[in-house]
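Peer 1: no sequence on this one, just coordinates:
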């Protein structure tokens, strides 16, 4: 088991602070400081400039010694791993590194555990943060923080994006995972509506939850058999509604105070529950909202039984492809609940990323590979590909070749944006293949990002174990109680008693534990 470094150990972020002057040299790696706008970084270099840079690079020093790296990824039904993809050829041309993909077999958790315990771990593994922390602490994954000086592009990226750096830092300051960035826009949940129905009846998009309620009532009068407002994630949906009322329902960092907050205690959350109770009581939402699955939700949308919803942003066009006879869905700005603006959850970020085997025999090549993925050159190549092979230039702008009709075509045919094939991506490249309606949704969604992300700081295994039972009890009581309030089984007059019981169950203990983790994380970031 790998021992935790103590004493004079220098954290990754002490190193980052020491290279402030380096970022002026690595100007291309500078980025915005808010995670929500990762994909709206400065425009990519012009094709002509890119060509000149590429020609200059190829004419410079010889490539490093060749190396082959094994990369373990999850099996993708959309774009199964393919070692013959063009993206691996492009990477080899720039780095002299050959990537050999391997896939997990069976269920993820036991398959990943088996790959790690086998004694024959691949050099790189695609993992989520909890996996990185778990196996990193056990010594299976390499702490990358002492190696940042060998990855100047990655180092500069992390300094420019402390929000990303924070999400990949373990309680002790170790970095066991490097997360992807730039393709998180598809994780957003947004409101959308039947604009054809609204136009037919001269209805306006609701700007507030009061208007959302009144519009739903009008639609119910027009279509008595309908449930005008539908959603399918049960109690979990409230974390998507919450930002318009100024909160996430559960535990998160309040950016105004820098403290861990239990959102359910905020008056705005009570107001949200009161609205949902009205929708439910008056038949404006389906009676089975608590258990609704994707198939049932799809039926409501495609059969004209519902006209307003909240779902993942990509579902707008998935549903539009199934609608007929002029039916059409369009992005809708989130209605304001309390305050002066509506918000959607800030989920425009990624969690998947790379972990490095602590036993790798190809460390230099691994570090070189990771550094390339987070360089400007890597970002451009792996987002747009190569002229003539993936895109052409029309009126000075890049345009993907006609055989690539949608973003998934790039994944299936070229391997672009697949696991391991990018570090930081230019989302504008993928978005350019979306239709006008979908591009509008992505552009508009960026305007309504809630200031806080719905994420908690990492805890040590001991800290996590100490609150595990309390978290389970609080979560269970929260879920069942809120559902009863919405469905009218418990009157809203019992709200204060509900909050008191959450406290009795230990909600403050949870707040205190995560506050320790947050304070420690902020200290490590200095």
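Peer 2: Done, it's in. Because the structure is predicted, anything quoted here is derived from the model rather than measured.
Peer 1: Quick one: find the helix or strand in this protein with the lowest mean pLDDT.
Peer 2: For the chain, the helix or strand with the lowest mean confidence is helix 22-25, at a mean of 34 (criterion: mean pLDDT, DSSP states H and E).
Peer 1: The stretch 101-250 of the chain: helices as residue ranges?
Peer 2: Using DSSP state H, counting those that start in this stretch, the helices assigned to the stretch 101-250 of the chain run over residues 108-117, 129-137, 152-160, 162-167, 195-200, 209-222, 238-241.
Peer 1: okay, the angle between the longest helix along the chain and helix 129-137?
Peer 2: In the chain, ranked by residue count with DSSP state H as the criterion, the top helix is helix 461-486. Going by axes from the mean of the first three to the mean of the last three CA atoms, to 10 degrees, helix 461-486 is angled at 160 degrees with respect to helix 129-137.
Peer 1: Just say helix, strand or coil for residue 511.
Peer 2: Of the three states, residue 511 takes helix under DSSP: H, G, I helix; E, B strand; the rest coil.
Peer 1: Now do the contacts for it.
Peer 2: Residue 511 makes contact with 251, 260, 261, 262 under the criterion CB atoms under 8 Å, 6 or more residues apart in numbering. No exception for glycine: its C-beta is placed from N, CA and C like everyone else's.
Peer 1: What about those, which are in strands?
Peer 2: For the contacts of residue 511, the ones inside strands are 251, 260, 261, 262, with DSSP state E as the criterion.
Peer 1: And stretch 351-371, what's buried?
Peer 2: Neighbour-count burial for stretch 351-371, with 16 or more other CB atoms under 10 Å as criterion, is recorded at 351-358, 360, 362-363, 365-371.
Peer 1: mind listing the strands for this protein?
Peer 2: Per DSSP E, the chain has strands spanning 67-73, 97-103, 124-127, 178-179, 189-194, 229-230, 251-254, 259-262, 308-312, 329-332, 353-356, 391-394, 397-400. These are given in chain order.
Peer 1: Buried deepest among those strands, which one?
Peer 2: Neighbour counts averaged per stretch over the strands of the chain are highest for strand 353-356, at a mean of 26; criterion: mean count of other CB atoms under 10 Å.
Peer 1: Give me the contact list for it.
Peer 2: Outside of strand 353-356, the residues that reach it under the criterion CB under 8 Å, 6+ apart are 123-127, 129, 131-132, 135-136, 141-142, 144, 168, 176-180, 363, 366, 370, 420, 423.
Peer 1: Hmm, residue 341 and residue 243 touching each other?
Peer 2: No. Between residue 243 and residue 341 no contact is recorded; they are 9.6 Å apart, counting by CB atoms under 8 Å.
Peer 1: Show me which of these two is the more surrounded one.
Peer 2: More crowded of residue 243 and residue 341, by other CB atoms under 10 Å: residue 243, with 26 against 15.
Peer 1: got the contact list for the more buried one?
Peer 2: In this structure, residue 243 makes contact with 334, 342, 343, 344, 345, 346, 450, judged by CB under 8 Å, 6+ apart.
Peer 1: In the stretch 351-500 of the chain, where is pLDDT below threshold?
Peer 2: Scanning the stretch 351-500 of the chain for pLDDT under 70 picks out nothing.
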